[in-house]
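Undergrad: Dropping the sequence and predicted coords here.
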Amino acid sequence: MDIIDMTLCELSAALKTKKVSSLEATKACLKRIEQTKELNNFITVCEDEAIEAAKRADEAIASNGEYSPLLGVPVAVKDNIVTKNVRTTCASKILENFVPPYDATVVKKLKSAGAVLIGKTNMDEFAMGSTNEFSAFGAAHNAVDFTRVAGGSSGGSASAVAAKQAFGALGSDTGGSIRQPAAYNGAVGFKPTYSAVSRYGLVAFASSLDQIGPITRSVDDALELSKVIFGKDIHDSTSADVLLPDKLSGEVKGRVIGVADEFLNGLGEKETAAFNGAVKALEKMGAVVKRVSISSFNAALAVYYVLSSAEASSNLARFDGVKYGRRAESYTDISDLYERTRTEFLGDEVKRRIMIGNYVLSSGYYDAYYIKASKARTVIKREYDEALSKCDALLCPTAPSAAPKIGEETDPAKAYLSDIYTVPVNIAGLPAVSVPFGSDGKMPLGVQVIAKACSDGVVLDIAKALERARG
Ligand code: GLN
């Protein structure tokens, strides 16, 4: 088997038995990145650092020291996760030349496990977007069809994994940014329970929703990456220890799977057929399907865009040309400096979110929007928790459709609709995984498994069953 065609777990086994070296695997990825560079999945490729890290991993393997499943495995990291001495741009002009002095906790953990950082992946600016077209570095392209979007905001990570430029990648998910691009590219995308992974060193978008997680070619690969990045961290007071199983059984016999009628309203014919295929596959493997209702489902999108924008307007205040980021060349006084810097170096979508955020937080509108959305958040969370008290997991499509063509979606409000199935999960803080299942005839579709908080092993197990059924 060609190295590049291996899953992360297969590569890991081949490295351990010395059939393959980390240097070979790393060079194979670098070559693939070069051959397919028009995909535009990387903002920075860490060629020299990766070669060095691969050599160190090979030495560690040769010395038969302590074995870690990620030792020598090339992985990519989204460019909103800080990396020491490697520029971290958030795909924004304002951070174009920002070189962080420290590693994010997840990066530190990857490095201690011996993983090789191959590069920093493209994304929508500050993780705001669903297509990757809001990157200041140009859009990443879909790995399955070059004319289509990679999805967003972790589009570079998802396309890189699907295009075999890396064996796994990290993304961040505030409202679907891991799961939706994974679905668009035919990859597995896992958003862990809120708090399961430290966000220290993740450039904050909406702190009550943000979560880091893996994008991989298989569900077992997602488990292996998760094992390394999970865990409480003294640098992130919101982090906690969430348990993961050592191995996945892929067994669903007797598991109760909930499907809400609201999930299927307005879904296209092919998408419905693909989704029903996943439901049937689980039933065939012994799962029990139960109808549930989530009446707040349609409210989640509005709640998400109010809350996430409010938090973003506060989190992004630090990028002002003084505390962080590039500064406009000429200005008359301090307010002119802020104004010119932010006007020049922030993109339209980021500005739109900051304006929405400031509006919903401003006096006179605070109660009508922010407080109301916060109350609605409680209702949504309660409804998901209640539905999940009657079943082991909920199943729904990951997105209403497959990846659209680049340039097709010009209305921002319509683009927000692609997040309808993913945002409630962040609002409720739950774990969810998107696994490829079926297609619309041309492009892959994803199905999403959602479970109770801290049942991360359950979503992965059910996803593994779907992966098996798919063949
Ligand atoms: N597409 C959503 C947004 O634009 C989600 C982004 C994310 O999860 N980072 O806000």
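TA: Received the coordinates, thanks.
Undergrad: which element follows the helix or strand bottoming out on mean pLDDT in the chain toward the C-terminus?
TA: One helix or strand of the chain scores below all others by mean pLDDT, DSSP states H and E: helix 412-416, with a mean of 83. Using DSSP states H and E, the next helix or strand after helix 412-416 towards the C-terminus is helix 423-428.
Undergrad: tell me what that next one is packed against?
TA: Here helix 423-428 is seen to pack against helix 300-315, helix 372-389 when contacts are counted using 3 or more CB pairs under 8 Å, 6 or more residues apart in numbering; DSSP states H and E. Backbone N, C-alpha and C define where each C-beta goes, glycine included.
Undergrad: orientation of the longest one relative to helix 300-315 in degrees?
TA: Taking axes from the mean of the first three to the mean of the last three CA atoms, to 10 degrees, one finds helix 372-389 and helix 300-315 inclined to each other by 130 degrees.
Undergrad: give me the number of residues near the nearest residue to S177 once chain neighbours are set aside?
TA: In this structure, S177 finds its nearest non-sequential neighbour in S153, 4.2 Å apart by CB to CB, 6 or more residues apart in numbering. Neighbourhood size, S153 [other CB atoms under 10 Å]: 35.
Undergrad: what about S153, distance to K31?
TA: To K31, S153 is 27 Å away according to CB to CB, to the nearest Å.
Undergrad: So which residues on the stretch 301-450 of the chain come close to the ligand?
TA: Counting by CB under 6 Å from any ligand atom, the stretch 301-450 of the chain comes close to the ligand at 308, 419.
Undergrad: Apply 8 Å and report the result again.
TA: For the stretch 301-450 of the chain, the contact set with the ligand under CB under 8 Å from any ligand atom comprises 304-305, 308, 349, 353, 415-416, 418-419, 422-423, 426.
Undergrad: sorry, back to before: is it correct that the residue nearest to S177 is in contact with E133?
TA: No. Between S153 and E133 there is no contact under CB atoms under 8 Å: 10.4 Å.
Undergrad: can you give me the strands for the chain?
TA: Assigned by DSSP state E, the strands in the chain fall at 42-45, 74-78, 116-121, 168-173, 188-191, 211-216, 256-260, 288-292, 393-397, 432-439, 444-450.
Undergrad: Touching, N185 and A150? I think so.
TA: Yes. N185 is within contact range of A150, at 6.4 Å (criterion: CB under 8 Å).
Undergrad: ok, and the most crowded of the residues of the stretch 301-450 of the chain next to the ligand?
TA: Tallying neighbours with other CB under 10 Å puts T422 at the head of those, with 32 neighbours.
Undergrad: how near is the residue of the chain positioned farthest from its centre to N358?
TA: Distance to the chain centre peaks in the chain at T332, reaching 40.9 Å (criterion: CA atoms, centre = their mean). Note on T332: its distance to N358, by CB to CB, is 23 Å.
Undergrad: cool, and V116?
TA: V116 is 42 Å from N358, by CB to CB.
Undergrad: same deal with F437?
TA: Separation of F437 from N358 (CB to CB): 40 Å.
Undergrad: ok, now A451?
TA: Per CB to CB, A451 is found 36 Å from N358.
Undergrad: Who has more neighbours out of the two?
TA: The residue with more neighbours, out of A451 and N358, is A451; 24 against 16, by other CB under 10 Å.
Undergrad: Can you name the residues that contact that one?
TA: Going by CB atoms under 8 Å, 6 or more residues apart in numbering, A451 touches 388, 392-394, 430-432, 458-459, 462.
Undergrad: rerun at 6 Å
TA: Taking CB atoms under 6 Å, 6 or more residues apart in numbering, we find A451 in contact with 393, 431, 458-459.
Undergrad: what do you get for R217?
TA: Neighbouring residues of R217 by CB under 6 Å, 6+ apart: T7.
Undergrad: rerun at 10 Å
TA: Residues in contact with R217 (CB atoms under 10 Å, 6 or more residues apart in numbering) are 5-10, 161-162, 164, 166-168, 186-188, 436.
Undergrad: Now for S153 and E133: what residues contact both?
TA: Listed as contacting both S153 and E133 by CB under 10 Å, 6+ apart are 124-125.
Undergrad: okay, which residue is most central for the protein?
TA: Short answer for the chain (CA atoms, centre = their mean): I178, at 2.0 Å.
Undergrad: Isn't A182 up against G189?
TA: Yes. If you go by CB atoms under 10 Å, A182 and G189 touch, sitting 2.6 Å apart.
Undergrad: so what sits against both of these two?
TA: With CB under 10 Å, 6+ apart as the test, A182 and G189 both reach 151, 154, 157-158, 161, 169, 171, 173, 176, 213-216, 222, 398, 433-436, 446, 448.
Undergrad: circling back: pLDDT value on the residue nearest to S177, please?
TA: pLDDT, S153: 97.
Undergrad: With the one 5 residues further on instead?
TA: As predicted, A158 sits at a pLDDT of 98.
Undergrad: same thing with the one 10 residues further on?
TA: According to the per-residue confidence, G168 scores 98 in pLDDT.
Undergrad: Beta-bridge partners for it, please?
TA: Beta-bridge pairing for G168 (DSSP bridges): T216.
Undergrad: tally of neighbours for V82?
TA: Residues near V82, counting by other CB under 10 Å: 25.
Undergrad: backbone phi and psi for it, please?
TA: phi -70, psi 140 (degrees, to the nearest 10).
Undergrad: which non-adjacent residue is nearest it?
TA: That would be P100: by CB to CB, 6+ apart, it lies 3.9 Å from V82.
Undergrad: and the one you found, what does it touch?
TA: Counting by CB under 10 Å, 6+ apart, P100 makes contact with 81-88, 107, 201, 203.
Undergrad: A469 now?
TA: Residues near A469 by CB under 10 Å, 6+ apart: 250, 252, 277-278, 280-282, 284-285, 437.
Undergrad: Y184 contacts S130, correct?
TA: Yes. Counting by CB under 10 Å, Y184 touches S130, with 9.4 Å between them.
Undergrad: joint contacts of these two?
TA: By CB under 10 Å, 6+ apart, the residues touching both Y184 and S130 are 149, 151-152, 155, 399, 404, 418.
Undergrad: ChimeraX command to pick out the buried ones of these?
TA: In ChimeraX, this line selects whichever of the shared contacts of Y184 and S130 come out buried by 16 or more other CB atoms under 10 Å:
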select :149,151,152,155,399,404,418
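Undergrad: Now render the shared contacts of Y184 and S130 as JSON lines, adding distance to L39.
TA: Output for the shared contacts of Y184 and S130, formatted as JSON lines (distance: CB to CB, whole Å):
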{"residue": "V149", "distance to L39": "12"}
{"residue": "G151", "distance to L39": "13"}
{"residue": "G152", "distance to L39": "15"}
{"residue": "G155", "distance to L39": "10"}
{"residue": "A399", "distance to L39": "20"}
{"residue": "P404", "distance to L39": "17"}
{"residue": "S418", "distance to L39": "20"}
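Undergrad: number of nearby residues for V379?
TA: Residues lying near V379 (other CB under 10 Å) number 15.
Undergrad: Also the one 10 residues further on?
TA: Here the count is done by other CB under 10 Å, and S389 has 8 residues near it.
Undergrad: about what we covered before: can I get the buried part of the contacts of A469 as one ChimeraX selection?
TA: The buried residues among the contacts of A469 can be selected in ChimeraX (16+ other CB under 10 Å) with this line:
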select :250,252,277,278,281,282,285,437
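Undergrad: check contacts around A127.
TA: For A127, the contact set (CB under 10 Å, 6+ apart) comprises 78-80, 90-91, 134, 152-154, 171-175, 177, 202-206, 210, 308, 312, 350.
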